[in-house]
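Student: Sequence first, then the predicted structure, then my questions.
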Amino acid sequence: MTLMSTTKIIRANHGKAATAGLTEAVTAFKNGDPLTAVTVVVTDHAQGIRLRRLLAARSVGGPSVAGITAIRMVTLLDLSRDLTAGAVELEGRRSVSDAVVLAAARRVLAEDPGVFGPVADHPSLERALLAAHRDLREVDAGSIERLARLGGLPAGLASIHRTLLHRLAPHFHDERERSDLAVHRLRQNSISLPPLVVHLPGRLAASERRLLVALAEAGPVTIICGHAEGHPDPEAEALATMLGLALPGSPAPAASVERLVISVPDQEEEARVAVRQILDAARTGTPLARIAVVHPPSSDYVRLLHERLRSSGIEFNGSSVRRLDETTVGRFLLGALSLSANGLRRVDLEALFATAPLRDPDHKQVPESAWGRLARRSGVVGGLDDWTMRLELLAAEFTTQCTEEESADARPWLIDRLDRDAEQCRRLLAFVTGLDRDLRRIAAARSWNARCTQAGRLLGRYLGSDSVREAWPVDELLAMETARSVLDRLALLDEVEPDATLAGFCRAVAAECRRPLSREGRTGQGVQVLGVDQSPGLDVEVVILLGLSEGLMPTRPANDALLPDATRLAAQTGLPVRHDHTTRQHRGFAAAMTAASRRVVLVHPRGDLRRSGERPPSRWLLAEIEAFTGHRPDPGELAQTTASWYRHVASFAQALTVDEPATDQEYELGLLLGGRAVDATLYLADPAFRRGVDCISARLSPKLTRFDGNLAGVTIPGLDTGELSSTRLERWVECPFAYFSEYVLGVRSEEEPASGIHLSPLVRGSIIHRCLERLVGERLEHDTLPGPGRPWSVADHQRLSEILVEECARADARGEAAHPLFWPVIRARMDAELQDFLAQDSDTRASQHSTPVAAEYRFGGPTSLPVTLADGRTLRFRGAIDRVDRIDGGGVVVIDVKSGRPDRFRPIGAEAPFPGGTRLQLPIYGLAAAAL
């Protein structure tokens with residue numbers, strides 16, 4: 001290896017000094033000519049934009065600064081693509097994508113899964129193989145051979161990796177191949193390059209290291225290596241060794257800046273503290289673009305921070321964690337595809353209704369609430385046949401009721417409602433039928449292109465046309481474009497996986513939908529929000545570093561399932577292990593600590609609301625405290641510190657009374673908690689705030705107020721204002737709150753239709769009641785009831801069995817029957833129970849010398865039962881008694897049939913006719929029956 005004599009390494013402190021080093025390197029290469037081209041290699045494009053802005057700001061400083069003209073910011077990946085553009089070696093082949101590798105992996109697993117046979121169909125295996133394949137592309141052939149010789153899982157992984165390479169190579173190329181081709185072209189002297197500045201390179205992959213060496217051999221290269229006092233950088237040392245250069249000595253320590261350590265209860269309070277610190281810095285003149293919030297590598301932090309910054313109206317930029325499957329479009333696409341796999345279940349369709357404002361075949365918006373209510377009422381479980389039968393039955397029922405109402409009382413409002421419900425049933429059935437047809441087309445397609453075309457039509461058909469979507473939020477419009485791009489990419493997979501299954505197609509769509517959409521905000525504008533791994537290259541005035549607790553920073557990465565550390569080391573792959581992950585995080589932490597020119601805020605969350613236990617301070621935080629105080633405190637000692645550099649936030653409420661508010665809500669809460677006078681304008685302008693103030697003030701006062709239960713002056717409907725049922729009265733006695741919820745507020749639970757082995761308890765009870773009611777009713781009508789004390793005849797027993805068959809047939813027609821496999825067994829069991837009932841009833845009537853005189857005896861309205869209470873109030877009851885028997889010689893017997901568990905009724909007896917003031921049904925029915 002022969003490097004150009006102009007290759008050199010500059011070592012500078014992170015932050016302002018590193019930016020100054022970059023400026024000097026660019027200025028030296030331009031040598032007074034602002035039009036001289038210079039290429040700056042950065043780790044990512046966001047860093048390139050930030051650096052361009054910093055260089056532009058420095059160019060105002062004077063003629064010695066080169067400015068940004070003719071400066072190109074690229075990554076090593078961009079550079080390798082530029083160097084291989086138009087290469088004949090790549091002609092006719094496309095760049096490989098994750099979707100292509102996943103499709104190829106599925107095909108390989110389907111043909112010969114090897115050691116992965118037991119889990120070959122699991123989606124997580126596909127993703128793990130994708131990651132392992134990407135890693136192994138940076139490993140030389142010798143290491144792959146050593147991996148194969150390890151046997152077992154490593155050997156199976158090596159085999160699949162080689163098979164993937166063999167199958168993809170004729171049609172695709174990857175970044176490793178591009179990088180190696182770029183190295184070859186550089187060493188053939190077929191390319192001339194402008195001077196190159198490599199700014200703060202991190203850990204480089206093997207192909208990137210080879211490319212950097214080739215670049216250093218081909219032309220002048222200056223490398224800026226970051227430094228943080230007291231934090232060694234092994235990656236910089238490895239880079240110097242690779243280039244055969246001596247690593248320059250450490251630069252002079254950076255000027256010390258103000259440091260503030262804040263201990264907070266949890267991550268939510270961390271986000272609020274970060275917002276308050278941003279506002280504090282902005283009040284003192286720090287531009288938002290000169291403030292950075294650095295967080296651990298966790299999507300939870302990103303979501304919390306983005307949410308808090310948006311609610312505070314603070315402009316920010318950073319990587320997005322919102323994925324396509326979290327948008328309206330993504331949820332609809334995945335939900336619709338899952339419907340086909342799960343048999344068009346009602347619960348899945350209701351979930352689909354909740355994802356987006358869908359359109360029906362007539363392009364009208366779907367009334368999801370009304371349709372969900374009708375679907376549950378119809379008893380639909382799943383499958384097009386079930387939907388068709390039950391919705392047609394329900395529509396016919398509504399139509400019949402409407403016709404009966406027109407010929408009876410003719411209540412227009414009820415006729416209109418029944419007519420609308422019938423029409424909604426027909427609309428819902430048309431929607432389900434069309435959706436099932438569209439999903440069957442996707443399932444029947446035999447190519448990726450055909451399936452993607454049909455899936456794309458789903459988006460337009462059910463989410464509306466472009467004109468309908470004009471009112472959508474911008475991010476949802478972007479999601480629609482992204483979803484269409486995903487389908488366009490997947491449509492090209494026929495040559496990789498020509499015989500893909502529907503399940504494979506759905507998994508591929510789901511994998512693509514897990515990608516983040518885009519960045520939040522515009523890079524360079526507003527507060528910078530970034531992970532600790534991205535902090536090298538920061539040059540700001542204020543850094544707010546979050547998550548400084550053990551387990552959060554550094555994190556504890558899990559061992560790779562397919563390529564664990566032991567396997568990586570045994571095969572001498574050179575791939576990073578978990579210790580390298582911690583080293584990379586520590587490098588980012590050190591860069592963040594030295595990136596601020598004015599202030600560093602270090603925040604330690606003591607706990608996490610999502611899990612129990614307390615988090616001790618991070619070892620890195622304690623080391624930093626030791627560095628600027630000369631003493632390393634233990635966690636207990638730190639909590640008692642009263643130094644000016646430390647603040648302890650006990651709770652959210654305590655912070656509201658001490659810190660400046662960051663949002664309107666915090667301002668309002670701070671007024672209340674601090675005992676300060678409430679702003680009159682705010683009090684009058686915001687009704688919700690006014691009610692909240694009144695509620696808190698009233699509850700803190702010694703008086704009995706309406707917020708403490710004082711109902712004076714409030715009109716409350718009493719039990720004596722209308723007719724009551726015994727069930728309602730029992731509910732009031734058992735649980736007043738349940739009575740209030742159900743009968744005053746109208747909140748009732750709905751039974752979820754389900755398809756299973758057992759018959760629904762409600763349907764079972766209804767069948768049994770109808771059978772007994774019909775038997776007694778028929779015998780009363782024909783005056784063939786057994787006399788007092790006489791048993792039921794054989795003909796009565798036979799007739800009851802016949803009635804059961806008829807009622808079960810009706811339940812079957814309504815779609816209420818149990819599973820066909822178990823329905824005969826359940827019918828036989830009910831028949832046995834009914835026969836037992838008649839036998840026991842014969843014995844009971846013989847002992848009482850009684851005979852039935854009424855079945856389903858109803859009272860209410862003009863015949864309601866009045867009951868006068870001791871205080872003079874009168875309650876009026878309505879109800880329906882299953883059966884009334886008359887005793888020969890005087891007296892009546894009330895029979896109420898219960899088909900459920902008898903446990904609730906065991907306490908009832910002669911000594912306790914209504915135990916605990918409950919079980920009032922039989923006494924009330926007895927009073928009503930006495931009037932017969």
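Tutor: Sure thing, it's come through.
Student: ok, and what's touching stretch 457-474?
Tutor: Applying Cβ atoms under 8 Å, 6 or more residues apart in numbering, the contact partners of stretch 457-474 are 328-329, 332-333, 336, 356-359, 363, 435, 438, 442, 476-477, 480, 483-484. Every residue, glycine included, has its C-beta placed from N, CA and C.
Student: mind exporting it as PDB, just the C-alpha atoms?
Tutor: Provided in PDB are the C-alpha atoms of stretch 457-474 (Å, rounded to 0.1, in the frame of the first residue of the first chain):
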ATOM      1  CA  ARG A 457     -56.500  -0.900  -6.300                       C
ATOM      2  CA  LEU A 458     -57.600  -1.600  -2.700                       C
ATOM      3  CA  LEU A 459     -56.100   1.700  -1.700                       C
ATOM      4  CA  GLY A 460     -57.900   3.800  -4.200                       C
ATOM      5  CA  ARG A 461     -61.200   1.900  -3.900                       C
ATOM      6  CA  TYR A 462     -61.600   2.000  -0.200                       C
ATOM      7  CA  LEU A 463     -59.600   5.100   0.800                       C
ATOM      8  CA  GLY A 464     -61.200   7.300  -1.800                       C
ATOM      9  CA  SER A 465     -60.000   9.200  -4.900                       C
ATOM     10  CA  ASP A 466     -57.300  11.900  -5.000                       C
ATOM     11  CA  SER A 467     -60.000  14.600  -4.600                       C
ATOM     12  CA  VAL A 468     -61.400  12.900  -1.500                       C
ATOM     13  CA  ARG A 469     -57.900  12.700   0.000                       C
ATOM     14  CA  GLU A 470     -57.100  16.400  -0.600                       C
ATOM     15  CA  ALA A 471     -58.200  17.200   3.000                       C
ATOM     16  CA  TRP A 472     -55.900  14.600   4.500                       C
ATOM     17  CA  PRO A 473     -52.900  15.600   6.600                       C
ATOM     18  CA  VAL A 474     -49.600  16.000   4.700                       C
END
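Student: pLDDT (mean, whole number) over it?
Tutor: For stretch 457-474, mean pLDDT is 85.
Student: Kindly report the same for stretch 191-199.
Tutor: 88.
Student: quick revisit: helices - which of the contacts of stretch 457-474 land there?
Tutor: Residues of the contacts of stretch 457-474 located in helices (DSSP state H): 328-329, 332-333, 336, 435, 438, 442, 476-477, 480, 483-484.
Student: Just among those, which is most surrounded?
Tutor: L333 (30 neighbours; other Cβ atoms under 10 Å).
Student: Backbone dihedrals for V74, please?
Tutor: phi -140, psi 160 (degrees, to the nearest 10).
Student: just the one 4 residues further on next, same as before
Tutor: Summarising the backbone geometry of D78 under the convention degrees, to the nearest 10, its torsions are phi -60, psi -40.
Student: Also F316?
Tutor: According to degrees, to the nearest 10, F316 has phi -150, psi 170.
Student: my read: it touches E520, true?
Tutor: Yes - under the criterion of Cβ atoms under 8 Å, F316 makes contact with E520 at 6.9 Å.
Student: Between the two, which contacts overlap?
Tutor: 306, 529.
Student: OK, contacts around the residue nearest in space to the middle of the chain?
Tutor: Nearest to the geometric centre of the chain sits E326, at 6.9 Å (Cα atoms, centre = their mean). Shown in contact with E326 (Cβ under 8 Å, 6+ apart): no residues.
Student: And it, how far from A110?
Tutor: Going from E326 to A110 by Cβ to Cβ, to the nearest Å gives 30 Å.
Student: same check, this time on Q454
Tutor: Separation of Q454 from A110 (Cβ to Cβ): 23 Å.
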